[in-house]
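K.L.:
Below: sequence and its predicted model.
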Amino acid sequence: MKLFIFLTLICSDVIARGGIGRGGGGARAGFGRGGGFGRGAGIGGSGVSGRSVFAGTSRSGIGGWKTGSSSPASSYGSSSFRSVVFAPSYSQSYFTHSSLTNALIISSLARPITYDNRQYYWSSSYAKEKLPPDQYPALCEYQIGPDDGQLQNVIYANGTSARSLFFGCPGPNVDCCGMYCCHNTLEYVPV
């Protein structure tokens with residue numbers, strides 16, 4: 001029975017890191033797969049340790065067990081996030097509506113959107129500044145794609161489209177899973 005559970009954990013993590021899921025993870029401060037030392041480490045030297053990208057008909061990085069989340073266990077995308085953030089009472093706090101283009105203009109890059117126990121930023125520089133790597137070892141990027149509905153209508157004050165949301169995952173052995181944080185089971189078990 002223990003062997004079955006062990007193999008299930010390993011297989012789940014391998015599947016989660018595959019091409020049909022949402023983004024890998026790792027760490028910013030020298031731990032985990034995406035690590036290195038300091039804020040320049042991570043994907044492309046950006047300090048971002050995991051990305052969720054839409055390619056073709058699917059996203060990269062779905063899988064794993066969510067941590068610190070109250071959303072459904074099977075949902076890794078932006079659907080639940082959008083239903084909360086774009087509700088009229090909530091969106092008025094974060095966006096200005098452009099009647100000319102029907103776009104939602106981000107009110108403040110420095111002000112995070114708080115959703116499901118995480119803070120989401122429209123700017124990687126604000127995310128890196130506000131989410132210190134000692135508390136949030138995994139800095140995640142969720143790239144907005146055609147599967148993200150109303151997120152595609154969000155723009156910056158200068159009129160350019162928002163392309164990503166950034167958030168941090170607290171604690172050890174945690175990876176980016178779409179718009180959420182998941183336990184990194186391979187880092188729990190020595191291989």
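P.N.:
Yep, that arrived.
K.L.:
show me where the chain has strands.
P.N.:
50-52, 54-55, 58-59, 95-97, 104-106, 113-115, 118-120, 138-143, 154-155, 164-169, 174-177, 180-183 (DSSP state E).
K.L.:
Of these, give the one that comes closest to Ser78.
P.N.:
Ser78 lies closest, by Cβ to Cβ, to one member of those: strand 138-143, at 7.2 Å. Backbone N, C-alpha and C define where each C-beta goes, glycine included.
K.L.:
So what's the model's average confidence on the closest one?
P.N.:
Here strand 138-143 scores 91 as its mean pLDDT.
K.L.:
before we move on, the earlier item: would you mind finding the most buried of the strands of the chain?
P.N.:
Mean neighbour count, computed with mean count of other Cβ atoms under 10 Å, is highest for strand 174-177 among the strands of the chain, reaching a mean of 30.
K.L.:
That one pairs with which strands, and in what direction?
P.N.:
strand 180-183 (antiparallel) (DSSP bridges).
K.L.:
In stretch 80-90, which of the residues would be classed as buried?
P.N.:
By neighbour count, with 16 or more other Cβ atoms under 10 Å as the criterion, the buried positions of stretch 80-90 are 80-82, 85-86.
K.L.:
Serialize those to JSON lines and add fields for distance to Asn102.
P.N.:
As requested, the buried residues of stretch 80-90 are arranged in JSON lines below (distance: Cβ to Cβ, whole Å):
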{"residue": "Ser80", "distance to Asn102": "23"}
{"residue": "Phe81", "distance to Asn102": "20"}
{"residue": "Arg82", "distance to Asn102": "16"}
{"residue": "Val85", "distance to Asn102": "17"}
{"residue": "Phe86", "distance to Asn102": "13"}
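K.L.:
For the closest residue to Gly149 other than its chain neighbours, give me its contacts.
P.N.:
Counting by Cβ to Cβ, 6 or more residues apart in numbering, Arg82 is the residue found nearest to Gly149 once chain neighbours are left out, at 5.8 Å. With contact set as Cβ atoms under 8 Å, 6 or more residues apart in numbering, Arg82 has these partners: 148-151.
K.L.:
Tell me which two in those are the farthest apart.
P.N.:
Between any two of the contacts of Arg82, the greatest separation by Cβ to Cβ is 7.6 Å, found for Asp148 and Gln150.
K.L.:
Would you mind listing the buried residues in stretch 114-134?
P.N.:
115-116, 118-124, 126-128, 131, 133.
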